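> what follows is a predicted protein model with its sequence.
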Amino acid sequence: MKVVVQRVSSAKVSVESEILGQIEQGFMLLVGIQDTDTEVEIDYLVRKIVNLRVFEDSNLKMNLNIRDIDGAILSISQFTLYADTRKGNRPSFTKAGAPDYAAQMYDLFNTKLREQGLTVETGKFGADMQVELTNDGPVTILFDTDRK
């Protein structure tokens, strides 16, 4: 799995001008899944994301995690994280998970984040989504379970 974590002061996702998910302070996640990903990768990423200390404390040090600030998550499925651009100018997405499997794993990932007591908003898997965010910092971190 690959997850791009962006610390945001706000974020929202829409499909055909209808807002499906919206948060204030927290994380906007772009989530890519391969067919080889399992619950092991999901558990690893949930633990890393929930405990990621990138929010400032009273000394302006990044010491707080998302629960410490009562933040929320906007989780967006993003198969293009597995784009292979080594040949030619048109990306290949053969390493991205099959849609049915990826959707199941994406739902499980979001469920496990919610089980940690977090508010998790989502877009619509496989839809043409419009995402708006205000990246706070900017702080952007990439997790790749192939490189743990």
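Yes, it's here. Keep in mind it's a predicted model, so treat the numbers as computed, not measured.
> the residue nearest to Gln25 when sequence neighbours are not counted and Phe55, how far apart?
Nearest residue to Gln25, sequence neighbours excluded (CB to CB, 6 or more residues apart in numbering): Gly71, at 5.1 Å. Placement of C-beta: from N, CA and C, glycine included. Distance of Gly71 to Phe55, computed by CB to CB, to the nearest Å: 7 Å.
> neighbour-wise, which of those two wins?
More crowded of Gly71 and Phe55, by other CB atoms under 10 Å: Phe55, with 22 against 19.
> confirm for me that Asn94 is in contact with Asp84.
If you look again at residue 94, you'll see it is Thr, not Asn. Yes: between Thr94 and Asp84 there is a contact at 7.0 Å, judged by CB atoms under 8 Å.
> ok, the two, which is more surrounded?
Comparing Thr94 with Asp84 by other CB under 10 Å, the one with more neighbours is Asp84, at 12 against 8.
> so how many other residues sit close to the closest residue to that one other than its chain neighbours?
Leaving aside its chain neighbours, Asp84 sits nearest to Ser92 (4.4 Å; criterion: CB to CB, 6+ apart). Ser92 has 13 neighbours, counted by other CB under 10 Å.
> when you give positions from now on, start the count at 14
Okay, using 14 as the starting number, the last item reads as Ser105.
> relative to Ala111, how far out is Ser105?
From Ser105 over to Ala111 the distance is 15 Å, taken as CB to CB.
> so which strand or helix has Val115?
No, residue 115 isn't Val; it's Ala. For Ala115, the host element (DSSP states H and E) is helix 112-127.
> elements contacting that helix?
Contact here means 3 or more CB pairs under 8 Å, 6 or more residues apart in numbering; DSSP states H and E; on that basis helix 112-127 packs against helix 52-64, strand 85-90, strand 132-135.
> so of those, which one's packed in deepest?
For the helices and strands packed on helix 112-127, the largest average neighbour count (mean count of other CB atoms under 10 Å) is found in strand 85-90, namely a mean of 24.
> angle of it against helix 112-127?
On the basis of axes from the mean of the first three to the mean of the last three CA atoms, to 10 degrees, strand 85-90 is oriented at 170 degrees to helix 112-127.
> partner strands of strand 85-90, with direction?
Strand pairing for strand 85-90, determined by DSSP bridges: strand 39-45 (parallel), strand 132-135 (parallel).
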